[in-house]
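Asks: Task: produce atomic coordinates for the following.
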Amino acid sequence: MHDGRRSRKTGCADFCHFDTRKKCEAAVLRHELTVLHLVPEELGGSNETQNKIFVPLWVAEQKRRIDLVTVLPMMRAGKLSRYEAIPVFRGSSFVPAEIAIHAQDPAGFSTTIDIW
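Replies: This next block holds a predicted model:
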């Protein structure tokens, strides 16, 4: 399964070649990428375009675990009331290099998923 091209400079996988929505949608059909809701429905997210990004499958799985296993129970316990997931993009790629997750009020939780 494809998880990004190797950067000549760093040797790391990168996703800079996914520089259009059309390329990302084609990659979804090939199961190279998937559509991720930044704020999942369980945390009050919508199905709007601005809440959706393209990511490798492993990122969607990792974020889902964070949201449902860590954040949601803390929200239900009244420890968190605000949540945001912020994608950080490099160049013209439609696949973020990272996703920063912040939840707070009255407690706090934050983590970053490094993608490429």
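Asks: going forward, measure contacts between C-alpha atoms and count neighbours the same way
Replies: Will do.
Asks: Name the residues of stretch 109-116 that are buried.
Replies: Going by neighbour count (16 or more other CA atoms under 10 Å), the buried part of stretch 109-116 is 113, 115, 116.
Asks: Which single one of these is nearest to residue 71?
Replies: Taking CA to CA as the measure, residue 71 lies nearest residue 113 of these, at 14.6 Å.
Asks: Are we agreed that that closest one is in a strand?
Replies: Yes: Residue 113: assigned to a strand according to DSSP: H, G, I helix; E, B strand; the rest coil.
Asks: Note down every partner strand of the helix or strand where residue 110 lies and its orientation.
Replies: Using DSSP states H and E, residue 110 sits within strand 108-114. Here strand 108-114 is paired, per DSSP bridges, with strand 98-104 (antiparallel).
Asks: any idea how far the strand it pairs with is from the chain center?
Replies: Here strand 98-104 is found 10 Å from its chain centre; the criterion is CA atoms, centre = their mean, to the nearest Å.
Asks: can you tell me how far the spatially most central residue of the chain sits from residue 73?
Replies: Nearest to the mean C-alpha position of the chain, counting by CA atoms, centre = their mean, stands residue 99 at 5.2 Å. Distance check for residue 99 against residue 73: by CA to CA, to the nearest Å, it reads 21 Å.
Asks: before we move on, back to that, residues in contact with the closest residue in space to the residue nearest to the centre of the chain that isn't next to it in sequence?
Replies: Nearest residue to residue 99, sequence neighbours excluded (CA to CA, 6 or more residues apart in numbering): residue 87, at 4.4 Å. Contact partners of residue 87, counting by CA atoms under 8 Å, 6 or more residues apart in numbering, are 96, 97, 98, 99, 100.
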